[in-house]
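Visitor: sequence plus the predicted model coming up.
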Amino acid sequence: MNQFLLEGEVDNRDSIIERLRRENERLSEALQEERLKNRGVEAGIAAFRKQTLPLLNALQAAHGLIDRMGINGGPGSDGSKWDLVKQRLSPRLREAVDIFLTQGQMKRTQLASAMRMDYSNCTKNVIAVLLRQGLLVDNGGQLSLKEL
């Protein structure tokens, strides 16, 4: 005999299975709706990026002109001095110098995050190289570019 019948319990497994199937179907539909929303958001971001790219390029060109004119006054005002140094560096190291020119002092984890790199990879292949070359200064965990 069935164990449930011997113990006097009602076998409700079929109703539980049916309830779980309905819940699974509802969740699948909700997932499809969220995927459609996600596609719409991604399309909106792509359109926004496409619309703002000319503005970004114009601002970068304007700031490049200001830097070449030698006008001081911003956090990256000594960028023209660093342009000569950056010419000798690999692209990753150039990117790190640009980030430091923009941000000033940063911790190692902040730089790794800004460069979208793994912490250990950034420490070994970017920070250590810039420190060896004397381009970075370590002030108690805070890294910054040396004064030129």
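Guide: Now that the structure is in, tell me what you want to look at.
Visitor: by residue count, which helix of this protein is the longest?
Guide: As assigned by DSSP state H, the longest helix anywhere in the chain is helix 13-69.
Visitor: what helices or strands is it leaning on?
Guide: helix 79-87 (3 or more C-beta pairs under 8 Å, 6 or more residues apart in numbering; DSSP states H and E). Glycine gets a C-beta too; all of them are placed from N, C-alpha and C.
Visitor: after the helix it packs on, which helix or strand is next?
Guide: As assigned by DSSP states H and E, the chain's next helix or strand after helix 79-87 is helix 91-103.
Visitor: and that following helix, what does it pack onto?
Guide: Using 3+ C-beta pairs under 8 Å, 6+ apart, helix 91-103 sits against helix 79-87, helix 108-114, helix 128-132, strand 142-145.
Visitor: identify the residues contacting it?
Guide: The contact list for helix 91-103 (C-beta atoms under 8 Å, 6 or more residues apart in numbering) reads 75-76, 78-79, 82, 85-86, 89, 106, 110-111, 114-115, 125-127, 129-130, 135-136, 143-145.
Visitor: could you give me the ChimeraX syntax to select whichever of those are buried?
Guide: Only the buried entries of the contacts of helix 91-103 go into this ChimeraX selection, using 16 or more other C-beta atoms under 10 Å:
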select :76,79,82,85,86,89,106,111,114,115,126,127,129,130,135,136,143,145
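Visitor: give me the number of residues near N121?
Guide: Using other C-beta atoms under 10 Å, the number of residues around N121 comes to 12.
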